[in-house]
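Q: Make a model of this:
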Amino acid sequence: MSRDAEKRAFLSGTDWAEAELRPLAGDASLRSYQRLHRADGATAVLMDAPPGSGEDIRPFCTLARHLAGLGLSAPALLKEDATAGLLLLEDLGDALYARVIAEDPARAPELYDSAAEALRVLQAAPPPAGLETYDAGAMTQKSVLAYTWYQAGATGQGARNLPFFITTLQPMLARLGAEDPVVILRDYHAENLLWLPKRAGVARVGLLDFQDATLGHPAYDLVSMLQDARRDVDPALEEVMVPRFAEATGRDPAAFRLAYDLLGVQRNLRILGVFARLSMHYGRPRYVDFIPRVWGLLTRCLDRPGLEALRERILTDLPEPTPEILQTLKDKCATVPQP
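A: Residues are numbered from 1 along each chain as shown. As a prediction, this is how the structure comes out:
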């Protein structure tokens, strides 16, 4: 049976059996999405996570139910088939934060304040069972992608100085473990947040792409939101929101800021590696265009107090993304196998 036939079989018996399917922009994963259009004007979304792709809809479903139970706006689950890798979802619309703010930049503080409040609600609740912890070891290994993909791709010499990097970063991240972990969605940024003004309170913030949620530090999703790899966020807004979030959640602002900056380093290193890999291995060179912004966010975090040793290590090891290096990463598009 073709995949299209499988989708039609999945939709049979629902109100969407005769709906027209149109492509919908996806994310950096191997999942794909289509919007269903009915004759009466109603719409829904079909998530396609093909068996054998490494994708799994079950974590998404678990988190969607958890978020909805907290009064947060995850898409409602209309029908699911984990074996087939198909999921029918409520359509939350197209008012992504990135679009709303681009049309009216003055709304950024309001929208980001609402998203921060949604994080506070999420973090105050007991987590669902079964979530792994994004601990120092896991975070360090994700950061290593900056060496195995970005550094290696840019220099053509393979990953260098990895042991020194690991022994610098991992103990620093381990010190964050004293903070009680909370649910972190991990991709909490303007391309995954929707503005739903007809709803009230934190329900005005629509949530997407949360299937990779884990337990982690309370600053992590704030970093995701305010250090966005795909669009510029006013640094002045960041400087206001970080201490405000710390105070609103009863945390010491100075300690929280140090954790925020360290997690910013970790996250931006991971993204450097992921974006290089998306070009060189998966054949998606457009992600290379985001690398200069990610580098800028990384170096800004490294300039903060308390991260001097990490700054020296990383800036010694990793080359600045010059136009020549960016072109090299694009020239290797879809030519490099997994190491």
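Q: Which parts of the stretch 101-250 of the chain are helices?
A: 108-124, 136-143, 145, 152-155, 162-174, 220-226, 235-248 (DSSP state H, counting those that start in this stretch).
Q: Pick the most deeply packed of those helices.
A: helix 220-226 (a mean of 26; mean count of other C-beta atoms under 10 Å). Using the backbone N, CA and C atoms, a C-beta is placed for each residue, glycine as well.
Q: so what does that helix touch, helix or strand wise?
A: helix 108-124, helix 235-248, helix 253-280 (3 or more C-beta pairs under 8 Å, 6 or more residues apart in numbering; DSSP states H and E).
Q: Need the contact partners of that helix.
A: Applying C-beta atoms under 8 Å, 6 or more residues apart in numbering, the set of residues contacting helix 220-226 from outside is 112, 115-116, 119, 134, 184-190, 193, 233, 237-238, 241-242, 245, 260, 263-264, 267.
Q: just to revisit the earlier point, right, and the helices of the stretch 101-250 of the chain - which one's nearest residue 201?
A: Nearest of the helices of the stretch 101-250 of the chain to residue 201, taken as C-beta to C-beta: helix 108-124 at 7.8 Å.
Q: what's the angle between that closest one and helix 235-248?
A: Relative orientation of helix 108-124 and helix 235-248, computed by axes from the mean of the first three to the mean of the last three C-alpha atoms, to 10 degrees: 30 degrees.
Q: Need the residues that contact helix 108-124.
A: By C-beta under 8 Å, 6+ apart, helix 108-124 touches 67, 70-72, 97, 100-101, 182-183, 185, 188, 193, 195, 201-202, 204-205, 207, 218, 221-222, 225-226, 233-234, 237, 241, 244-245, 248-249.
Q: With stretch 297-316 instead?
A: 161, 164-165, 168-169, 172, 227, 229, 235, 257-258, 261-262, 264-265, 268-269, 272.
Q: rerun at 10 Å
A: 143, 146-147, 161, 164-169, 172, 223, 226-229, 232-233, 235, 238, 254, 257-269, 271-272, 318, 320 (C-beta atoms under 10 Å, 6 or more residues apart in numbering).
Q: Below-threshold pLDDT in the stretch 1-150 of the chain: ranges please.
A: 26-29 (pLDDT under 70).
Q: Which parts of it are strands?
A: Along the stretch 1-150 of the chain, counting by DSSP state E, counting those that start in this stretch, strands occupy 20-24, 32-37, 43-48, 77-81, 86-90.
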